[in-house]
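Novice: Dropping the sequence and predicted coords here.
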Amino acid sequence: MKLLVLVAALATAPAVPVAAQQSLAARSPLLAYVPASAPSLYRYVSWRWRQNLGEMHVTFRNRAGAAIDFVAEWQYGRCTGGKQKTFAFDHTNVSWSQHGTVQRAWRCVPASGIRIELAASTAQTTSALAPSALARAVASMRHVRLHS
């Protein structure tokens, strides 16, 4: 019975802890986006605000130390520029490309008359992390609201 309770608790736990979500929402309310789910075996590590670049970063790692960096930033250009593939998840389109050893997935959302780009990048090869898994994590990114 205890195992079932533990499994249920893990299944419902958010990918990014609530305390971290609230901290990043307090730091940058408009760019407070986090993935609701991450690729299998990746766990939340940290978040950081890069003031000079206007970027909110959320980092996940697997046990081998491979990282995925999720970023929310203002988008001033074309959102789909440079894409090599497009994935669709529940009416959410995600662009994907690979340059050298880095693969990247991204999408844009409207916000206050401009767009925000939601992206994830990793140095994982496509055989180590499928492009669709990275794109699915970007599709899951949701805006965090500060609770009072």
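Specialist: The structure has been received and is ready for your questions.
Novice: Does Ala25 touch Arg142 like I think?
Specialist: No. With contact defined as CB atoms under 8 Å, Ala25 and Arg142 do not form a contacting pair (11.4 Å). Quick note: C-beta positions are derived from backbone N, CA and C, even for glycine.
Novice: Please say which of the two ends up with more neighbours.
Specialist: Ala25 (20 against 17; other CB atoms under 10 Å).
Novice: A helix includes the more buried one, no?
Specialist: Yes. Assessed with DSSP: H, G, I helix; E, B strand; the rest coil, Ala25 lies in a helix.
Novice: Next up, the contacts around it.
Specialist: Ala32, Val144, Arg145, Leu146 (CB atoms under 8 Å, 6 or more residues apart in numbering).
Novice: got the residues you listed as a markdown table, with neighbour count columns?
Specialist: Formatted as a markdown table, these follow (neighbours: other CB atoms under 10 Å):
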| residue | neighbour count |
| --- | --- |
| Ala32 | 23 |
| Val144 | 23 |
| Arg145 | 11 |
| Leu146 | 13 |
